[in-house]
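# Return atomic coordinates for the entry below.
(2 chains)
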Number of protein chains: 2
Amino acid sequence: MSLAPGELRIVPLTGVPEVREDDDLAELLAAAAARAGGLEDGDVVVVAQKAVSKAEGRVVRLDALEPSALALAIAEDADPRQVEAVLRESARIVRMRGSLVIAETRHGFVCASAGVDASNAPAPGWLVLLPLDPDASAKRLRGRLAELTGRRVGVVVSDSFGRAWRQGTTDVAIGAAGLPVLLDLRGRRDRLGYELHATAIAIADEIAGAAELVLGKTNAVPAALVRGLRLEGEGAARDLVMPPERDLFR
Amino acid sequence: MSLAPGELRIVPLTGVPEVREDDDLAELLAAAAARAGGLEDGDVVVVAQKAVSKAEGRVVRLDALEPSALALAIAEDADPRQVEAVLRESARIVRMRGSLVIAETRHGFVCASAGVDASNAPAPGWLVLLPLDPDASAKRLRGRLAELTGRRVGVVVSDSFGRAWRQGTTDVAIGAAGLPVLLDLRGRRDRLGYELHATAIAIADEIAGAAELVLGKTNAVPAALVRGLRLEGEGAARDLVMPPERDLFR
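I've put the predicted structure just below:
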């Protein structure tokens, strides 16, 4: 797989079986990457949060959830047990409209339903929760991929988040290891010497979004390989969370 | 340039000269694409808003701006004439902190400084404004590219927007033609038959973000080619604006 100068390639990692608790996800990803020609140093492997959560056992049975009074009060057409899971995963409620909850998670991410989702669950009646520490998940996957393949790659754990003011979701990085997450432009100058004042580009989010374009939601492609980025540095997705004191939209 | 099944390639369009008012931007892009091997039907050309705005003469001299009382009051360390330009481009102020203005533009986009920017301007002392109708800009570029190359491509006009709750900017689509902007998943089902309830994926934003990864901010690459998307349909970036009645964050 050759690259023209400056070019990026985004390759779906196909043939990954349904992920179950305690699966060696890195082994499944390495096998899929081998079928696509193998990993190279500097590649970034983007893996969907659902696959990571399922491998880590971050799933819960609806039947195991006792809805609180609040969950029952706001559930409307939704399953109050699922609303209960959302409330338990929430560190702060940002907005509520009926059973739709926009929450801040324990990680500081602001997203619908605190990341709780019934789609692509292990079985009917189950919910998938976000990993407890998605940056640590990414770091473990990166380490295990190095063991298995001898390659030093970046890993991004991605999830689909809605946005304020814009329709639709885009995939963003909720975990990252082995790559910078923000490309800081401060101090760089344009052709005329004007200092670029945008703080930074959230490249890990753009990488997650780019990978989403080849993932598809229904055809069981949980990961993609991004080649050609030539990034240096190390960051964590937690650095993408806006600190409260800078956040104009808390 | 061959593609593996499902693969995407993102190719920077290099060697585009500094764009000036009344330049035939499509001709400059077609020439750059020819140097990269030529356009193919179904390609998406992503072009940075700055290039589009400059070709359309959407620039203003600081000296031509008389600051209002409000601009003078909030300017602090900023140039009150630049703040004046921001206020004139704003249809609604969403947040203000000192001279930092988060505004809704006439197009409905919510972004910092209403899209007004001094970087990559035609000359010192000039500002670049957003195109008046970026969807129309995209449509014109698409039509002219078809005339020049015989190829039917999609066009996305991209700009870097900050986000609520997350650090850094990502590029999003402020104009689009010849491709769908939202991929609607409603009605599609996962392996277990569970209906995917995310409304839609904002693929035009993910395409803009993916292209940003090869654009770079300082090295004069104003456009990129995305190949392998296999999209059908037609949308406009204005469809990415959240309607006020659904917007929880107005």
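
# Relative to the lowest-mean-pLDDT helix or strand in chain A, what are the paired strands and their orientations?
The least trusted helix or strand in chain A, going by mean pLDDT, DSSP states H and E, turns out to be strand A:183-184, with a mean of 88. Its sheet considered, strand A:183-184 pairs with strand A:200-201 (antiparallel) by DSSP bridges.

# which element follows the strand it pairs with toward the C-terminus?
Using DSSP states H and E, the helix or strand that follows strand A:200-201 towards the C-terminus is helix A:203-215.

# got the buried residues for that next one?
A:203-215 (16 or more other C-beta atoms under 10 Å in any protein chain shown). Yep, even glycine has a C-beta here, placed from its N, CA and C like the rest.

# Specify the beta-bridge partners of the residue most central in space within chain A.
The C-alpha lying nearest the average C-alpha coordinate of chain A belongs to residue A:158 (C-alpha atoms, centre = their mean; 1.9 Å). Bridge pairing for residue A:158 (DSSP bridges) gives the partners residue A:48, residue A:173.

# Run through the residues that contact the closest residue to residue A:67 other than its chain neighbours.
Leaving aside its sequence neighbours, residue A:67 sits nearest to residue A:80 (C-beta to C-beta, 6 or more residues apart in numbering or on different chains; 3.8 Å). Shown in contact with residue A:80 (C-beta atoms under 8 Å, 6 or more residues apart in numbering or on different chains): A:67, A:71-72.

# Straight-line length of stretch A:158-173, end to end?
5 Å (C-alpha to C-alpha, to the nearest Å).

# what's the average pLDDT for it?
Mean pLDDT, computed over stretch A:158-173, is 96.

# how about low-confidence regions in chain A?
Scanning chain A for pLDDT under 70 picks out A:1-2, A:187-198, A:216-219.

# Which helix runs longest in it?
Counting residues, the longest helix found in chain A (DSSP state H) is helix A:134-149.

# What lies in contact with that one?
Under C-beta under 8 Å, 6+ apart, the answer for helix A:134-149 is A:24-27, A:29-30, A:33-34, A:38-39, A:45, A:47, A:49, A:52, A:56, A:107, A:131, A:151-157, A:174-178, A:236-238.

# Only the buried residues of it, if you could.
Applying 16+ other C-beta under 10 Å to helix A:134-149 flags A:134-135, A:137-142, A:144-146, A:148-149 as buried.

# Between the two ends of stretch A:208-223, what distance do you get?
Start-to-end, stretch A:208-223 (C-alpha to C-alpha) is 10 Å.

# ok, back up a step: mark which of the contacts of residue A:80 are buried, thanks.
A:67, A:71.

# What is the nearest of the contacts of residue A:80 to chain B?
residue A:71 (18.1 Å; C-beta to the nearest C-beta).

# Against residue A:102, how distant is the closest one?
Using C-beta to C-beta, to the nearest Å, residue A:71 is found at 16 Å from residue A:102.

# same question, residue A:46
Distance from residue A:46 to residue A:102, by C-beta to C-beta: 24 Å.

# neighbour-wise, which of these two wins?
Each of residue A:46 and residue A:102 has its neighbours counted (other C-beta atoms under 10 Å in any protein chain shown); residue A:46 has more, 29 against 21.

# quick one: contacts of the helix or strand hosting the more buried one?
Assigned by DSSP H and E, residue A:46 belongs to strand A:44-48. If you take C-beta under 8 Å, 6+ apart as the criterion, strand A:44-48 is touched by A:13, A:25, A:29, A:33, A:39, A:141, A:145, A:153-159, A:178-179, A:207-208, A:211, A:215, A:222-227, A:229, A:231.

# next SSE after it?
Counting by DSSP H and E, what follows strand A:44-48 is helix A:49-55.

# What is that following helix packed up against?
Other helices and strands packing on helix A:49-55, by 3 or more C-beta pairs under 8 Å, 6 or more residues apart in numbering or on different chains; DSSP states H and E, are helix A:25-35, strand A:126-128, helix A:134-149, strand A:154-161, strand A:170-177.

# redo that, cut-off 7 Å
Secondary-structure packing of helix A:49-55 (3 or more C-beta pairs under 7 Å, 6 or more residues apart in numbering or on different chains; DSSP states H and E): helix A:25-35, strand A:126-128, strand A:154-161.

# Tell me which of these sits most buried.
Highest mean neighbour count among these (mean count of other C-beta atoms under 10 Å in any protein chain shown): strand A:154-161, with a mean of 27.

# That strand vs strand A:44-48, what angle?
Inter-element angle recorded for strand A:154-161 and strand A:44-48: 30 degrees (by axes from the mean of the first three to the mean of the last three C-alpha atoms, to 10 degrees).

# isn't residue A:85 right up against residue A:60?
Yes: the pair residue A:85 / residue A:60 is scored as a contact, 6.0 Å apart, by C-beta atoms under 7 Å.

# So the two - more neighbours on which side?
Neighbours per residue (other C-beta under 10 Å) separate residue A:85 from residue A:60, with residue A:85 holding more: 26 against 20.

# And that one, how far from residue A:67?
Plainly put, residue A:85 is 9 Å away from residue A:67 if you go by C-beta to C-beta.

# now residue A:225
Applying C-beta to C-beta to residue A:225 and residue A:67 gives a distance of 41 Å.

# mind checking how far the residue lying closest to residue A:9 once chain neighbours are set aside is from residue A:51?
Distances taken as C-beta to C-beta, 6+ apart put residue A:227 closest to residue A:9, at 4.7 Å, once the chain neighbours are dropped. Plainly put, residue A:227 is 20 Å away from residue A:51 if you go by C-beta to C-beta.

# quick one, the longest helix of chain A and helix A:203-215 angle?
Using the same axes, to 10 degrees: helix A:134-149 against helix A:203-215 is 60 degrees.

# what's the closest non-adjacent residue to residue A:222?
Of all residues not flanking residue A:222 in the chain, residue A:51 sits nearest, at 4.0 Å (C-beta to C-beta, 6+ apart).

# roughly how far is stretch A:151-171 from the heart of the chain?
The chain centroid and the centroid of stretch A:151-171 are separated by 5 Å under C-alpha atoms, centre = their mean, to the nearest Å.

# Would you enumerate the residues in contact with residue A:51?
Contacts for residue A:51 (C-beta atoms under 7 Å, 6 or more residues apart in numbering or on different chains) come out as A:19, A:25, A:222-223.

# Repeat the analysis, applying 10 Å as the threshold.
A:16, A:18-19, A:23, A:25, A:28-29, A:120, A:128, A:157, A:220, A:222-223 (C-beta atoms under 10 Å, 6 or more residues apart in numbering or on different chains).

# now, which of the residues you listed sits nearest chain B?
residue A:120 (4.9 Å).
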